[in-house]
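Engineer: Mind folding the following:
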Amino acid sequence: MKQLIELFLQFAKIGAFTFGGGYAMLPMIERVCVEQKQWLSEEEMAALPALAESSPGPVAINCATFVGHRQKGIPGAVAATLGMIVPSFVIILLLSFFLDRFLENKWVAGAFAGIKIAVGILIVDAAVRLFSKLPKTLPTVLVGAGAFLLMMAINLFALHISTIALMLLGAAVGLALYLIGRRRRGGQAQ
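Structural biologist: This is a model prediction of the structure:
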């Protein structure tokens with residue numbers, strides 16, 4: 001029971017004090033789950049965003065569910081997931097009561113403008129951390145650079161490209177690189 005409460009509280013802290021969605025939460029999830037609690041190894045943490053992204057639902061919630069399940073099975077998954085969800089739900093519920101007045105306040109508007117910038121920095125930080133843990137082979141560097149350039153082009157030119165199409169493109173590139181690598185390894189082994 002003590003570990004279930006700890007899972008809930010740790011993910012509630014992450015959910016309450018991290019803005020910007022799942023990718024902005026990854027550095028804090030890593031700090032808690034790898035560095036402080038040793039619930040995951042660095043290799044498992046490096047794979048966690050891909051696993052969480054490939055499952056339906058928000059990345060941060062899927063990460064919490066995975067870590068909770070890893071620690072205490074289904075009760076741990078429920079505790080960690082609720083920990084991640086409850087703070088946001090409560091904050092949004094409270095804000096909804098006086099949202100109009102809240103958004104009209106110039107101080108609040110200025111704070112949200114600053115939060116947007118900070119969220120962007122947190123997302124870039126998460127991407128750099130993930131990329132730094134990848135093996136520095138020519139294919140990973142080319143795919144990483146290509147993904148970055150594609151993301152910049154989409155944002156700079158305000159292109160409207162389906163997220164599903166981008167995910168399918170990423171899956172196709174990943175599968176192609178896997179098959180090429182497998183063919184090379186097979187050719188070298190003979």
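
Engineer: going forward, measure contacts between C-alpha atoms and count neighbours the same way
Structural biologist: Will do.

Engineer: Do a quick rundown of the strands in the protein.
Structural biologist: Applying DSSP state E to the chain gives no strands.

Engineer: What residues does the residue positioned nearest the centre of it make contact with?
Structural biologist: Centroid-nearest residue in the chain, with Cα atoms, centre = their mean: Tyr23, separated by 3.2 Å. By Cα atoms under 8 Å, 6 or more residues apart in numbering, the contact list for Tyr23 reads Val59, Ala60, Leu122, Ile123, Ala126.

Engineer: Would you map the helices across this protein?
Structural biologist: Ranges of helices within the chain are 2-17, 22-30, 42-54, 59-97, 99-104, 106-132, 138-156, 163-189, based on DSSP state H.

Engineer: what packs against the fifth one?
Structural biologist: This means helix 99-104. Helix 99-104 sits against no helix or strand, with contacts defined as 3 or more Cα pairs under 8 Å, 6 or more residues apart in numbering; DSSP states H and E.

Engineer: Please work out the average pLDDT along that helix.
Structural biologist: What helix 99-104 shows for mean pLDDT is 74.

Engineer: tell me the domain ranges of the chain?
Structural biologist: The chain breaks down into these domains under automatic domain parsing: 1-133, 134-190.

Engineer: would you turn the helices of the chain into TSV with distance to Gln36?
Structural biologist: Listed next are the helices of the chain as TSV, based on distance: least, Cα to Cα, whole Å:
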stretch	distance to Gln36
helix 2-17	11
helix 22-30	9
helix 42-54	12
helix 59-97	14
helix 99-104	36
helix 106-132	17
helix 138-156	29
helix 163-189	32
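
Engineer: among the domains of the chain, which is the most enclosed?
Structural biologist: Here the criterion is mean neighbour count by mean count of other Cα atoms under 10 Å, and of the domains of the chain the winner is domain 1-133, at a mean of 17.

Engineer: Show the end-to-end separation of that one, please.
Structural biologist: End-to-end distance for domain 1-133: 34 Å, by Cα to Cα, to the nearest Å.

Engineer: where does it sit relative to the chain's centre, distance-wise?
Structural biologist: Centre-to-centre, domain 1-133 and its host chain are 8 Å apart (Cα atoms, centre = their mean, to the nearest Å).

Engineer: what residue ranges in the protein score low on pLDDT?
Structural biologist: Applying pLDDT under 70 to the chain picks out residues 187-190.

Engineer: again, only using 90
Structural biologist: Within the chain, the ranges that satisfy pLDDT under 90 run 15-27, 43, 46-47, 49-60, 88-89, 91-171, 173-174, 176-190.

Engineer: what residues are up against Gly170?
Structural biologist: Here Gly170 is in contact with no residue (Cα under 8 Å, 6+ apart).

Engineer: switch the cut-off to 10 Å
Structural biologist: By Cα atoms under 10 Å, 6 or more residues apart in numbering, Gly170 lies in contact with Val143, Ala147, Ile164, Ala176.
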